[in-house]
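1. Show me the folded form of this:
(chains A, B, C, D, E and F)
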6 protein chains.
Amino acid sequence: MRPSGRNADELRPIRLTRGFTQHAEGSVLVEFGNTRVLCTASVEARVPPWLRNSNRGWVTAEYGMLPRATGSRTDREAARGRQQGRTVEIQRLIGRSLRAVVDLEALGERRIVVDCDVLQADGGTRTASITGGYVALADAIQTLMKAGQVRRNPLHGQVAAISVGIHNGTAVLDLDYAEDSDAETDMNVVMNDAGHFIEIQGTAEGHAFRRPELESMLDLASDGIDRLIAEQRKALEA
Amino acid sequence: MRPSGRNADELRPIRLTRGFTQHAEGSVLVEFGNTRVLCTASVEARVPPWLRNSNRGWVTAEYGMLPRATGSRTDREAARGRQQGRTVEIQRLIGRSLRAVVDLEALGERRIVVDCDVLQADGGTRTASITGGYVALADAIQTLMKAGQVRRNPLHGQVAAISVGIHNGTAVLDLDYAEDSDAETDMNVVMNDAGHFIEIQGTAEGHAFRRPELESMLDLASDGIDRLIAEQRKALEA
Amino acid sequence: MRPSGRNADELRPIRLTRGFTQHAEGSVLVEFGNTRVLCTASVEARVPPWLRNSNRGWVTAEYGMLPRATGSRTDREAARGRQQGRTVEIQRLIGRSLRAVVDLEALGERRIVVDCDVLQADGGTRTASITGGYVALADAIQTLMKAGQVRRNPLHGQVAAISVGIHNGTAVLDLDYAEDSDAETDMNVVMNDAGHFIEIQGTAEGHAFRRPELESMLDLASDGIDRLIAEQRKALEA
Amino acid sequence: MRPSGRNADELRPIRLTRGFTQHAEGSVLVEFGNTRVLCTASVEARVPPWLRNSNRGWVTAEYGMLPRATGSRTDREAARGRQQGRTVEIQRLIGRSLRAVVDLEALGERRIVVDCDVLQADGGTRTASITGGYVALADAIQTLMKAGQVRRNPLHGQVAAISVGIHNGTAVLDLDYAEDSDAETDMNVVMNDAGHFIEIQGTAEGHAFRRPELESMLDLASDGIDRLIAEQRKALEA
Amino acid sequence: MRPSGRNADELRPIRLTRGFTQHAEGSVLVEFGNTRVLCTASVEARVPPWLRNSNRGWVTAEYGMLPRATGSRTDREAARGRQQGRTVEIQRLIGRSLRAVVDLEALGERRIVVDCDVLQADGGTRTASITGGYVALADAIQTLMKAGQVRRNPLHGQVAAISVGIHNGTAVLDLDYAEDSDAETDMNVVMNDAGHFIEIQGTAEGHAFRRPELESMLDLASDGIDRLIAEQRKALEA
Amino acid sequence: MRPSGRNADELRPIRLTRGFTQHAEGSVLVEFGNTRVLCTASVEARVPPWLRNSNRGWVTAEYGMLPRATGSRTDREAARGRQQGRTVEIQRLIGRSLRAVVDLEALGERRIVVDCDVLQADGGTRTASITGGYVALADAIQTLMKAGQVRRNPLHGQVAAISVGIHNGTAVLDLDYAEDSDAETDMNVVMNDAGHFIEIQGTAEGHAFRRPELESMLDLASDGIDRLIAEQRKALEA
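-> Numbering: from 1, shown residues only, chains lettered A, B, ... in the order given. Below is the predicted model:
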């Protein structure tokens, strides 16, 4: 039995609210149950130095947590003067995942920054960020296309992510904080709409996992991501 | 005529949503028109070093802006490794303003941190932060009182803030971004529920202001703050 | 009775010593009683990035305190690796105040940096910095004019500053450290030679202040600044 | 055909030189072909703050690259004042991997720091670090046991790591820099001596990978790690 | 002929003004010609962590330059967030030199910080700092002795410093900026009142120096320091 | 009697291993007994900003210590976010020493960075770095000459360095850690192949040194450096 009463293969309620704030080219509030992340996609005219005069663009991500998004307050990274290792790892993962579905040449020499700021955390903030970040990115790209600033669609696929894990000896989908804190294994899976892998990051917490456990987790993830891809499509067509 | 069509003494629609997030002891979304700030108040057992064993508590504030809260994206302060001068100034102002209505001895040796994070900016983020921060603070203190952790109410008053300015030669209340950017003078006024001043910060932008202009602005501010104090009370009684 | 024995409307002895050091285009030691600040104005050929090719110049200020300018030693900010919030606030105030009397177009594409370094502190270091910084700035601009580097005088007025406060229930002018530490209210007022306001920053320490108290403080400040303006003129004509 | 002429399932020559430097409790030079990493394990009496008085120890890792370990010089992180995202990611991975085979209670309240410094890089520095770091750790723990400072062996297994990838459409083992730079997929696998997974990190570079590709890579990794485990044992028995 | 017209063995006018500022236990303005450094010595009750409960004290120095102490403005180190290599080198030298004449056990568990801040630079700021810093230190120690806080005098000698160099092929004493900038060799010598060496730092600029040149420079330095030691004594007896 | 049993004028075994790593234009492992430093020289096309378009090049050095190069582990400077004062001092010394034998105009507008990373420390790391760094620099310059990138040899001499000190009242050469820690005086001497001085840095530890002691140390250093210059030549001719 999962702490939340969900079935092993059951996602939390997923919500994708487009246009949550008004300034960004794409602005999406993504909710995986009580986890709430504001994803904004900002289009900028300049690219990083190593891409100047390359006719290629760039997509990058930054991740942050409001200090009291969590059960006890964590210090503000701006006040401490440095981002934590965990933050850096997560934003690199989000950036790589989103770039996997973008044709950077078609994007042209501009940069899109996807900011993922966690307003409330209950497990799965990085997978929610990727899933919601994709929708914000799609909206920003739509803006570029409507303005005639790109000739062909730089998006060549969809990308979404979900966590899976082994909890009480069973493979489960979309762990919330209660499950995550005492899971034996925790894996984040990023896939595209063709069902192929973009990224897998699995970590044994407590005890090492076997190949069959891995296979069960991948099966769950694959199903879950199918549903997230459908949610994204529904949101974008709304 | 003001850009927004408001009268000179008209506030934008004010909204105070308590319980906006679930973890913090106080969590309020404050809206002054399109300006939206999430204020959370977190109670911590420890005090800053200089207050240890003093039987006194502390109230402090931190301020942040999501990178795309504004019309064009600003760099994330955590990524730059330092808070900007403007951020530091604002969070010091919020902290001083809130402490002005707290009896730090009655609070006991604990610290309350009020985090004000701007989700969307349209002028007046610091005055919204003080006004909403007060409500979050009141909720956090209520939690302490219900739990019997403080014997007498550390709050001895209410505090709210509003901006006033000279725009096109006229004194106006609660400037939005459009007005703020070409006001000749910009003043932030913080007052308590007795109608006395906690803080005044007025700056001439462009041309110096005269004593009668100052008097008009103070009159407007005083009226505006009366209405904000009433809004706070209504929200807290809801 | 004030700790120093002064009358409520009495300034401390004011001294403005031009040419205190030899390298800077303007170099003034300003003394408000025991408060001593060295203000140098340095002319630089380059402007900040956002002003390049704008035909406009910039005036900015930096503020520092020698570690033992105060009763007990404070850590050197260079050693700590960051400027304190108080420092940032003060230098922003000085910069805004000085810019209020400079025509940045007439200055041309160059930058003047006014460094205010406190050699000895006894209250009022920011108001002394503005008052002395103006004289250093005027000297630097005079250098530019003599060299024919600017066609018309970029200075269109004088600026000076003074502190006022409520001490023992009475409004007093130009607080020294002893008064400042137990004043109920502390206000810094910056005005030009036409008697108009450039900046007002008033803070209740301890108890909130009423409108009539504010009016008395403003009256005192206005008189005090008239005298400072006269001192500046006298120094510059010497 | 692989650039190095190796078979798809062929490791580079592996060398583990114990006692490479004299001060550390464990000091191992690990070589995977031309990749050379110096791993030292240092035992310290103190633990991180959150473990004080817990009777538990800690194992952590730090990773660095000499500036000219690579084809072109990279800036020294100490001079830049911050570690790069990549560095932080890698050292967190090494630390988690090593902790997976240590009983932190048996270790007692002390900390072992495994420093992995890359003298020469040719792909696979993180997998070499884990594989060599384990041997350094084992030596340090042996020192503790010989000195009677721990009662039972805190090591409850071996851990090693290898990279696999898809290169020219084929799954290959232990990528060198030439392969790594144009692999379509790159995965790092960490396993223990029971053949179970400690960590999997797979990233699609260029095109997403399918489930059968994943399976082939995992098979290769599993075989490769068996051989590394044997090399470690041989080195430790020498 | 030296640029200043001085003889090869001639010091610039030396001035040591005690009590230059009022707060520090020792406060001395030292002038070597146009070089002016404010040296304050501050007594603190606490020692660095590694000396706690050792019954020994510590003497340390910090060095700074006001931004416009020099011909063209240098960035403020506090604003840049780090001290330059040159600053670090100089303050370490001053600290070592002063500690050479202090019995740290006699000082007892307290710390004296000697801050040397250059108000105006014209060559020789580090030697002026050591020479003036000694007088400030002596005053601070005198304060401790008068207050009965130390039983025996922790000062067991005097220390002073001077620069020598090879300019136009001749050994010269006490270089000013004009000489220093085109000297072929530059050496700073620190000696005690017994005429023994505390520190020698000689650097060839341009061309390497021979043993006889070194001997001439040391002879000059030795004579110059004798005179500085006499100046210090005169100042302290005044 | 010296702790190592060496004669007063005896160097430790010196070893210079060229080509220790493969990527750098010059790569030398230098050993002074148990002190081992990896020196790499990297040629870069760009020069520091102040040399752009000057037709002159630059040679600079950076110094680092692996965390466990020493008896007890020292924190990694990259992790702490700043280089220590000692590091900065040493790398400035190495850079100045190497530049003393380079004709920067002949080098042309390029930069050579000599990285000296201490793998194992037993006293004398800075003198080993200069001595080995010279050989790495010579190899890098040889590479430039063979490639026809410089017309005439920018090296106009050799440079080497050794430490001397007073230990148990006797002048000794090339101190190891055991001697260094209780020497009364410690001096580092840098000379060229003509036997002239490039740099002298002598520090009294404990008691001040007299002129005759200085002379003895300089004699020892001069002899020692002759032998190092010969070792360099032998290594470069191998």
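
2. The residue of chain A found nearest chain E: neighbour count?
-> Taking CB to the nearest CB, chain E has its nearest neighbour within chain A at residue A:81, 9.2 Å off. All C-beta spots, glycine's among them, are computed from the backbone N, C-alpha and C. Neighbourhood size, residue A:81 [other CB atoms under 10 Å in any protein chain shown]: 17.

3. pull the longest helix from chain A.
-> helix A:211-237 (DSSP state H).

4. Dead centre of chain A: give me the residue that sits there.
-> residue A:130 (1.3 Å; CA atoms, centre = their mean).

5. Spatially nearest residue to it (excluding sequence neighbours)?
-> residue A:161 (3.9 Å; CB to CB, 6 or more residues apart in numbering or on different chains).

6. and whatever helix or strand the one you found lives in, what's its mean pLDDT?
-> In the assignment (DSSP states H and E), residue A:161 maps to strand A:159-167. Across strand A:159-167, the average pLDDT comes to 97.

7. and residue A:132, that's in a strand?
-> No: Residue A:132 is assigned helix when assessed by DSSP: H, G, I helix; E, B strand; the rest coil, not a strand.

8. Surely the residue nearest to the centre of chain A touches residue A:100?
-> No: counting by CB atoms under 8 Å, residue A:100 is not a contact partner of residue A:130; they are 10.1 Å apart.

9. Does the residue of chain A closest to chain E touch residue B:79 like I think?
-> No: contact criterion CB under 8 Å: residue A:81 and residue B:79 do not qualify, at 10.8 Å.

10. Alongside chain D, which residues does chain A contribute?
-> A:82, A:85, A:88-89, A:91-92, A:96, A:100, A:187, A:191-192, A:194, A:196-204, A:207-211, A:214, A:218 (CB under 8 Å from any CB of the partner chain).

11. ok, the residue nearest to residue A:130 to residue F:155 distance?
-> Per CB to CB, to the nearest Å, residue A:161 is found 57 Å from residue F:155.

12. Looking at these two, which is more packed in?
-> residue A:161 (27 against 19).

13. hang on, the earlier thing: distance check, the residue of chain A closest to chain E against chain F.
-> 8 Å (CB to the nearest CB, to the nearest Å).

14. what do you get for residue A:60?
-> Applying CB to the nearest CB to residue A:60 and chain F gives a distance of 23 Å.

15. For that residue, grab phi and psi.
-> Dihedral angles phi and psi of residue A:60 (degrees, to the nearest 10) take the values phi -140, psi 170.

16. Would you mind naming the helix or strand containing the closest residue to it other than its chain neighbours?
-> Nearest residue to residue A:60, sequence neighbours excluded (CB to CB, 6+ apart): residue A:95, at 4.8 Å. Taking DSSP H and E as the definition, residue A:95 sits inside helix A:85-99.

17. Which strands and helices lie in contact with the next helix or strand along the chain from that helix?
-> Counting by DSSP H and E, the element after helix A:85-99 in chain order, helix or strand, is helix A:104-107. Contacts defined by 3 or more CB pairs under 8 Å, 6 or more residues apart in numbering or on different chains; DSSP states H and E place helix A:104-107 against strand A:58-65.

18. any idea how far the closest residue to the residue of chain A closest to chain E other than its chain neighbours is from residue F:118?
-> Nearest residue to residue A:81, sequence neighbours excluded (CB to CB, 6+ apart): residue B:81, at 5.1 Å. The gap separating residue B:81 from residue F:118 is 28 Å, by CB to CB.

19. now residue A:79
-> 35 Å.

20. These two - which one has more neighbours?
-> More crowded of residue A:79 and residue F:118, by other CB under 10 Å: residue F:118, with 21 against 16.

21. what's the neighbour count on the closest residue in space to residue A:4 that isn't next to it in sequence?
-> Sequence neighbours aside, residue A:176 is the residue nearest to residue A:4 in space, at 5.9 Å (criterion: CB to CB, 6+ apart). Neighbours of residue A:176 under the rule other CB under 10 Å: 21.

22. residues touching residue A:176, list them.
-> A:3, A:4, A:12, A:33, A:34, A:35, A:122, A:123, A:124 (CB atoms under 8 Å, 6 or more residues apart in numbering or on different chains).

23. Flag the helix or strand of chain A with the lowest per-element mean pLDDT.
-> In chain A, no helix or strand scores lower on mean pLDDT, DSSP states H and E than helix A:77-80, which sits at a mean of 89.

24. on that earlier part again, near chain B, from the residues of chain A next to chain D?
-> Restricting those to contacts with chain B (CB under 8 Å from any CB) yields residue A:82.

25. need the residues of chain A near chain B, please.
-> So chain A meets chain B at A:21-24, A:27, A:34, A:36, A:38, A:40, A:42, A:44, A:62, A:64, A:66-73, A:76-83, A:87, A:113, A:115, A:117, A:119-120 (CB under 8 Å from any CB).

26. how about the residue of chain A found nearest chain C, what does it touch?
-> Closest to chain C within chain A is residue A:81: 7.4 Å, counting by CB to the nearest CB. Applying CB under 8 Å, 6+ apart, we find residue A:81 in contact with B:81, B:82, C:82.

27. before we move on, the earlier item: buried ones only from the contacts of residue A:176, please, as a ChimeraX command.
-> Per 16 or more other CB atoms under 10 Å in any protein chain shown, the buried members of the contacts of residue A:176 correspond to this ChimeraX selection:
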select /A:4,12,33,34,35,122,123,124
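
28. ok, the contacts of residue A:176 vs residue E:105, which is closest?
-> Set against residue E:105, the nearest of the contacts of residue A:176 by CB to CB is residue A:123 (58.3 Å).

29. what kind of secondary structure is residue A:39 in?
-> strand.

30. which residues touch it?
-> A:26-30, A:114-117, A:129, A:132-133, A:135-136 are the contacts of residue A:39 under CB under 8 Å, 6+ apart.

31. between those, which has the most around it?
-> residue A:132 leads the contacts of residue A:39 on contacts (other CB under 10 Å) with 33 neighbours.

32. measure residue A:9 to chain D for me?
-> Counting by CB to the nearest CB - residue A:9 and chain D are separated by 18 Å.

33. shouldn't that residue be in contact with residue A:221?
-> No: at 10.1 Å, residue A:9 does not count as touching residue A:221 under the criterion of CB under 8 Å.

34. what sits in contact with each of those two?
-> residue A:173.

35. Which one of those two is surrounded by more residues?
-> Counted by other CB under 10 Å, residue A:9 and residue A:221 do not tie: residue A:221 has more neighbours, with 25 against 15.

36. Identify the residues contacting that one.
-> A:162, A:164, A:173, A:187, A:189, A:191.

37. just those that are near chain F?
-> Of these, not one also sits near chain F (CB under 8 Å from any CB).

38. Which two of these have the greatest separation?
-> Most distant of these, by CB to CB, are A:173 and A:191, 13.3 Å apart.

39. and stretch A:184-195, C-alpha only, in CSV?
-> Coordinates of each C-alpha in stretch A:184-195 appear next as CSV, following Å, rounded to 0.1, in the frame of the first residue of the first chain:
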residue,chain,number,x,y,z
GLU,A,184,15.0,2.0,-1.7
THR,A,185,15.7,3.1,-5.2
ASP,A,186,14.8,6.3,-7.0
MET,A,187,14.9,6.8,-10.8
ASN,A,188,14.1,9.7,-13.0
VAL,A,189,13.2,8.9,-16.6
VAL,A,190,13.0,11.3,-19.4
MET,A,191,11.4,10.2,-22.7
ASN,A,192,10.2,11.6,-25.9
ASP,A,193,6.8,11.1,-27.6
ALA,A,194,8.2,8.2,-29.7
GLY,A,195,8.8,6.3,-26.4
